[in-house]
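In: Generate a structure from the sequence data that follows.
(chains A, B, C and D)
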Amino acid sequence: MSVKEAQANWEPKILVFACNWCTYAGADLAGLSRLQYPPNVRVLRVPCSGRVNPQFVIRAFQRGIDGVLVAGCHPGDCHYVTGNYFTRRRYLLMQRLLQYVGVDPERFQARWISGSEGPKFQQVVKEITEQIRAMGPNRKLRDAQ
Amino acid sequence: MSDKVKKMQEIAREILEKGEAKVVIGWEKGTHWYLSPPAFIDKPEEVERLVWDDFCHNNLSKYLKDYVNHEGKVAIFVKGCDSRAFNRLLQDKQIERDKVILIGIPCHGLKDQDKAKELGENADIPKAKKCVECRYPNPLVYDYFIGEEKALDEVAAASEARDFSDVEAIETLSPDEKYEFWNKQYERCLRCYACRNVCPACSCRECIFDQTRVGWIGKANNASENQFFALTRAMHVAGLCIECGECERVCPMNIPIMLLNKKLIKDINLLFGPYDAGVDVDGKLPLGHFDKNDPEEFM
Amino acid sequence: MKYAYYPGCSLSSTGIEYDMSTRKVAKALGVELWEIPEWNCCGASSAHLTDHLLALALPARNLAIAEEQGLDMAIPCAACYVRTKATEVEVKSSEEMQKTISEVIERKYTGQSRARALLDVFVNDVGLDSINALVHKPLKGLKVVSYYGCLLVRPPKYGFDDPEDPQSMDKLVEALGATPVDWAFKTECCSGAHAIAKSEVGLPMIEKILAAAKESGADCIATACPLCMCNLDMRQGQAGSKFGRSYNLPVFYFTELMGIALGIKPEELGVNKHFVDASGIIKKLNEAEGRRETA
Amino acid sequence: MKRVGVFICHCGSNIAGAVDCEKVAENAKSFPGVAFSTDYKYMCSEPGQELIKKAIKDHKLDRIVVASCSPRMHEPTFRRCLESGGLNAYLLEMANIREHCSWVHPDDKEKATWKATELVRMAVAKVLKNEPLQRSTIPITKRALVIGGGIAGIQAALDIANAGHIVDIVEKEPSIGGKMAQIDKTFPTLDCSACILTPKMVEAANHPNINLITYSEIENVEGYVGNFDVTIRKKARSVDMTLCTGCGTCMQKCPTKVPSEFEMLMTDRRAIYTPFPQAIPNKPVIDRKNCRYFTTGKCRVCEKICPTKAVDYTQEDELVTQRYGAIVVATGFDLFDHSVYGEYGYGKYKDVITGLHFERLINASGPTMGKIKRPSDGKVPKDVVFIKCVGSRDEAKGKAYCSKTCCMYTAKHATLVREKIKDSNVYVFYMDVRTPGKGYDEFYTRTTDQFGAKYIRGRVSKIYEKGDKLIVRGEDTLLGRPVEVEADMVVLATAMVAQPDAAKLAQMVGFSYDQDNFYTEAHPKLAPVETHTAGVFLAGACQGPKDIPESVAQASAAAAKACGLLSKEEMPTEPIVSCVNEAICAGCGMCVPVCPYKALDLKVIQERAHGKTITRKVATVNSGLCQGCGACTVACRSAALNLKHFTNEQILAEVDALCL
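Out: From the prediction side, this is the model:
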């Protein structure tokens, strides 16, 4: 495959860190309701959004992910009572820090998606995929290949 | 010899003679006139090595970690920033308050070592950047105090308001410009970890950057791995950085590390309310608690 | 103590005695009032019924001038105060609004200069103790009901005092030596402009306030708003005759009562400009003082 | 060498319709560590599971990846399958290629197959780092604690006790009974509150399985489900319970009068007192803040007069620690303080009272012997105004929520006024009338139609005194005009709010509460009496405004949950918990405050370093308390904390595998 061809065939890869109790269930509901969305997202199941270490996010960018979404229960609904409040604090900072070093804001996002919000899951991943497709492959923070 | 230096030596001598502490950590004159490295004095007759001048930059509190398992007390001199560092380590339970004798010394603001080297001894050497921006020139905690209590107010009045203009300058760049700026900085990083070693907010026994077993970071010294290091280090000191600027001073490649730290400080203050690390020992850490009414941007 | 002084339109016409007494009293208390040069109308009700931005921009210009001088604004009129405060609060709460307004008025206003009610300035900045210390002629035996009107302490988020049961004017008249009388109509509506346009609505509202003041046993009413003054003083006869009653209740601006207590001549305060004759009260106060002096 | 088996399920055509399952199975063969890979029509079916078990044996597989539906669906099924195939259940990973793939990408088989392959690759990468985990069990202490001795607490205790378990009721007041004891009649039947409550109080007191611990508060709670160690502060009663016969002589002779809290301060009690005549236990306590002896050092009248010498001024607070298997929290509610409402007079008008005052006024054992007399001058009021939603549904000054019970008790009050004072007029200002519940709307209809209470839809803007009348001014929004009522008495239906110390108790026991300090149930629909903390259950109004029938129903539900727990000897624990690498842990303690379950703590360890024995602090995880959220692992900068089954290494491996 030529370089040009590789570029033409490029498909964005988006990693979703989803908490088991809300967002993962929301993604299941999207499936159950047959809500279609682009096949570019990969859901990585964690118990709680509070489990998502910012280092995982940077690692994903290093390894060539084009976009990362961290998603969990809405504030107040955390299965583990308070986990997502810590997620919120941590990623409010992380988001700003990533933008400060030049990562485009679309590349890293955080959302609250509950177990009943299948349509929201569909809509969010659709939006992110479209945004990232328009931007092209991510080169920032990336390992030299 | 200034009165302050005399007083310093006097207190140090007294402490050593009475056996209140086994060692006194202060500063002494180094190889060059613009260097005042740390001095570790354990004999009363050596107290004359101690100095206090425009170049006593080293934040001494971090050295206390080396004495945790020593018997007896350690005495150290603390400037405003050293005292915040002390509080920080106390907060992280890395040291014990009653094993340390603190000798507070209000700081008038130190001079820029690099400029000093460049301009020569007789020039008018500007203050170090961290000192221009310093808002805590006075030691926050001490057992002995050098100088007049009145000096506290005078020095405090001299401190200037917090300045984030350098951070703001970067914030206004486009994403690509920002990336280019930081990429250039971190391409140079040697990953010597001097910034980490000197940092009073870094108190881990084994840093994740040394954990090759888990493989948090690759061995390759390239911009990608270096930025993983830079961003992770910044997140790890978020809410803990006491703005002593030691990381930046010790960086052999002159990477503006404080620009990352200050960005986080700025955002913490903006998002979660005013907070200065190392001031209130019993207070909650910004990332150690939350408020149900924190800003909501993830809906 | 220095403030940018914003008299507003009423204080140069129907409420002139409010202006006269304010200036005299401020001088006596050592408060410097710097009248905002070329001040403009606060917009009153007309502006905020027309356009929200206009209503915010009008007072913003006055605030901007005060801010250039690094001064807070002292505002006697309750309506001017509320309009100006509204601007200050909105500018403070939204950077975007601050930008928009600064663009409209072509001056910079950042919310630094605060809108302050004159009553608030006297009670909380000058302080009751300092005022009390300067009282020459205590208003001994004078029973006063304090009438704050509907605007001065509302909405609650602007207020410097309790919105349902304000106390500052009561405490002030007490500091002047008078007896504050508690009543339930402190923040009742005086009917505003209804008394002019729809007297069948307005006059009963005025009448209720006057009746309650009379029933409380007060000798007079103290107020902090030129429109309230108009309704309670100028229309007292009209309201009374409509219901076949005569109240004869003098109404004072609180600044006038302060002036009298500080020993300033009533004429210099404009007390002789009232519709309901206040000379009886002045006379009684003088007599009482005469007795005290001879005793 | 690890040997992974990969099993791709077709789920009939559910997966196979959109994903080329054979190709995925084929692709998986090349992934590192994969020793066997196949596909099958229904992996969860009996033959499917047999296929897995056989492959484990034939191919010596030691880890399994099943690519099928959501793990939320069949993870337990396949874990059991692994166990019966001889593998540890936690050596399973699942790739969700149905809900997350075939069902959402039905039209692009190529891309769906690509995605399914990647999901399997992630699962393989993760499973290579899985460790076998062992479920352990914890013993269960067969004793329950009920906090709060109101109707909910009493009911819960009786139900648990009748099931054969020992129950302790801890009540902070000198008597059990709670708010229900103050109420006169109950809606919609108008039967007497005391007549239905007091027998239950007596039953609780006499029950061989129930211990009443009154005048006591919870001091500290440690431990976890099955094993809560609770420290209870028994406040000094100054009366020896074993000697006192409850004769009441002391209460007659005590010279100090104190406004009675039970009577809403409308009459006096003594400094040595029982809150009300039917109190249980019916033995007095000395209110030391007001007692003449304790304040001045002189008096001792009660001591002299007591025939059994039960009065003991030297008693001190006693702390006792007891272990419980389950806790039912039934701490009830408090009433909103209406003094924030300036328009209703900031609480300074004597004849503006609350509904609970009114209950005492109409109660035959109350301060007026059940005759409705207004507090200011004892006159019988003719015109009575009721205002509903005082503090409820008012975000500006009160609470955003509806207090649920006020519509009904106001209707009850209106009926009772009309019944007792024949020539009275009753006006009720309301926003809405909400009467869902058996017989409730019928009751309300009778109040208006039969008893002639006048309901006015609108808010009251002002109350002020005029002579001996209260002028109530408001708006009738149905007529669109102002109304003014000259009233003799105004009764405010004040909101039900959480107890002032509700948050403190929740923090102590370790469960969550909402912005109004009401306790949060684990799930609003499916777990309404559980908390997020295993072994702690909720009953009554501490969870949110409730009337008596609801509180009782919830109490029985909580009791059933507690009994379910106590009926077992031991319970299994989930092994997905955090663990500490003590060699790395610096003991900074940053993990401690982020744990919602108080599972983390610091402990001191000894070790040898440089030829000396030194001590240092390290974090420790209580695996009984840990629920496996992993928040601590992120708070730990040196990664000394790790979450089993979701380790840093596993997640990094997944990320890396995805990016290949």
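
In: Find the nearest non-adjacent residue to the residue of the stretch 251-400 of chain D found nearest chain A, please.
Out: Closest contact between the stretch 251-400 of chain D and chain A, by C-beta to the nearest C-beta, is at D:Ala400 (13.8 Å). For every residue, glycine as well, the C-beta is placed using N, CA and C. Closest residue to D:Ala400 apart from its sequence neighbours, by C-beta to C-beta, 6 or more residues apart in numbering or on different chains: D:Arg393 at 7.0 Å.

In: picking up where we left off before, if I look at the residue of the stretch 251-400 of chain D closest to chain A, what pLDDT would I see?
Out: pLDDT for D:Ala400: 94.

In: show me what contacts it?
Out: D:393-394, D:516 (C-beta atoms under 8 Å, 6 or more residues apart in numbering or on different chains).

In: and what of D:Ala67?
Out: Taking C-beta under 8 Å, 6+ apart as the test, what D:Ala67 contacts is D:6-9, D:24, D:94-97, D:116, D:119-120, D:123.

In: That one bridge partners, please.
Out: D:Ile8, D:Ala95 (DSSP bridges).

In: Next, find the distance separating it from chain B.
Out: Using C-beta to the nearest C-beta, to the nearest Å, one obtains 26 Å as the distance from D:Ala67 to chain B.

In: What separation is there between the residue nearest to D:Ala400 and chain C?
Out: 18 Å.

In: Ok, B:Ser165 next?
Out: 18 Å.

In: That residue: neighbouring residues, count only.
Out: 6 (other C-beta atoms under 10 Å in any protein chain shown).

In: And it, its phi and psi?
Out: phi -60, psi -30 (degrees, to the nearest 10).

In: How about the contacts made by D:Cys69?
Out: Contacts of D:Cys69 (C-beta under 8 Å, 6+ apart): D:9, D:11, D:14, D:44, D:96, D:98-99.

In: Can you list which of these are found in strands?
Out: Mapping the contacts of D:Cys69 onto strands (DSSP state E) picks out D:9, D:96.

In: What segments of the stretch 101-250 of chain B are strands?
Out: Remark: strands assigned in the stretch 101-250 of chain B by DSSP state E, counting those that start in this stretch are B:144-145.

In: Could you check which residue of it lies nearest chain A?
Out: Counting by C-beta to the nearest C-beta, the stretch 101-250 of chain B gets nearest chain A through B:Tyr179, at 2.6 Å.

In: And the pLDDT at the residue nearest to the spatial centre of chain B?
Out: The centroid of chain B falls nearest to B:Cys244 when counting by C-alpha atoms, centre = their mean (3.0 Å). pLDDT, B:Cys244: 93.

In: Next, count neighbours for the closest residue to it other than its chain neighbours.
Out: Spatially, and ignoring its direct neighbours in sequence, B:Cys244 is nearest to B:Cys81 (4.0 Å; C-beta to C-beta, 6+ apart). Per other C-beta under 10 Å, the neighbour tally for B:Cys81 reads 27.

In: tell me the contacts of B:Cys81?
Out: Taking C-beta under 8 Å, 6+ apart as the test, what B:Cys81 contacts is B:59, B:107, B:130, B:134, B:136, B:242-245.

In: Quick check: closest non-adjacent residue to the residue in the stretch 1-150 of chain C that chain D sits nearest to.
Out: Closest contact between the stretch 1-150 of chain C and chain D, by C-beta to the nearest C-beta, is at C:Cys150 (11.8 Å). The shortest distance from C:Cys150 to any non-neighbouring residue, by C-beta to C-beta, 6+ apart, is to C:Cys189 (4.6 Å).

In: give me the number of residues near that neighbour?
Out: 17.

In: what about the residue nearest to D:Ala400, distance to D:Gln322?
Out: 42 Å (C-beta to C-beta, to the nearest Å).

In: List the backbone torsions phi and psi for A:Arg139.
Out: Torsion angles, degrees, to the nearest 10, at A:Arg139: phi -110, psi -10.

In: Any idea how many residues pack against whichever residue of chain D sits closest to chain C?
Out: Taking C-beta to the nearest C-beta, chain C has its nearest neighbour within chain D at D:Gly342, 2.0 Å off. Using other C-beta under 10 Å, D:Gly342 is surrounded by 20 other residues.

In: Of all the residues in chain B, which one is nearest chain D?
Out: For chain B, C-beta to the nearest C-beta, closest residue to chain D: B:Cys204, 3.7 Å.

In: Return the residues in contact with the closest residue to that residue other than its chain neighbours.
Out: Distance criterion C-beta to C-beta, 6+ apart; nearest residue to B:Cys204, sequence neighbours excluded, is D:Ser638 at 3.7 Å. D:Ser638 makes contact with B:204-208, B:211, D:584-586 under the criterion C-beta under 8 Å, 6+ apart.

In: that's a helix at D:Ser638, yeah?
Out: No: in this structure, D:Ser638 is coil, not part of a helix, as judged by DSSP: H, G, I helix; E, B strand; the rest coil.

In: The residue in chain C positioned nearest to chain D and D:Met431, how far apart?
Out: Going by C-beta to the nearest C-beta, chain D is nearest to C:Glu164 of chain C, at 2.0 Å. Applying C-beta to C-beta, the value for C:Glu164 to D:Met431 is 20 Å.

In: ok, now D:Arg135?
Out: 53 Å.

In: Counting neighbours, go ahead and name the busier of the two.
Out: Remark: of D:Arg135 and D:Met431, D:Met431 carries more neighbours, 16 against 11, as counted by other C-beta under 10 Å.

In: Tell me the secondary structure at the closest residue to that one other than its chain neighbours.
Out: Spatial nearest neighbour of D:Met431, chain neighbours left out: D:Cys389 (5.1 Å); criterion: C-beta to C-beta, 6+ apart. Secondary structure, three-state DSSP: D:Cys389 is strand.

In: who's in contact with the residue positioned nearest the centre of chain C?
Out: Nearest residue to the geometric centre of chain C (C-alpha atoms, centre = their mean): C:Ala224, 2.0 Å. Counting by C-beta under 8 Å, 6+ apart, C:Ala224 makes contact with C:76, C:78, C:117-119, C:148-149, C:152, C:169, C:253-254.

In: Can you pull the residues of the stretch 101-250 of chain B lying near chain A?
Out: Contact residues (C-beta under 8 Å from any C-beta of the partner chain) of the stretch 101-250 of chain B with chain A: B:170-171, B:175-183, B:208, B:216, B:218, B:222, B:224-225, B:227-228, B:230-232, B:234-235, B:238.

In: Return the subset of the residues you listed lying in helices.
Out: B:170-171, B:175-183, B:224-225, B:227-228, B:230-232, B:234-235 (DSSP state H).

In: Quick check on these: which are buried?
Out: Applying 16 or more other C-beta atoms under 10 Å in any protein chain shown to these, the neighbour count classes B:170, B:175, B:178-179, B:181-183, B:224-225, B:227-228, B:230-232, B:234-235 as buried.
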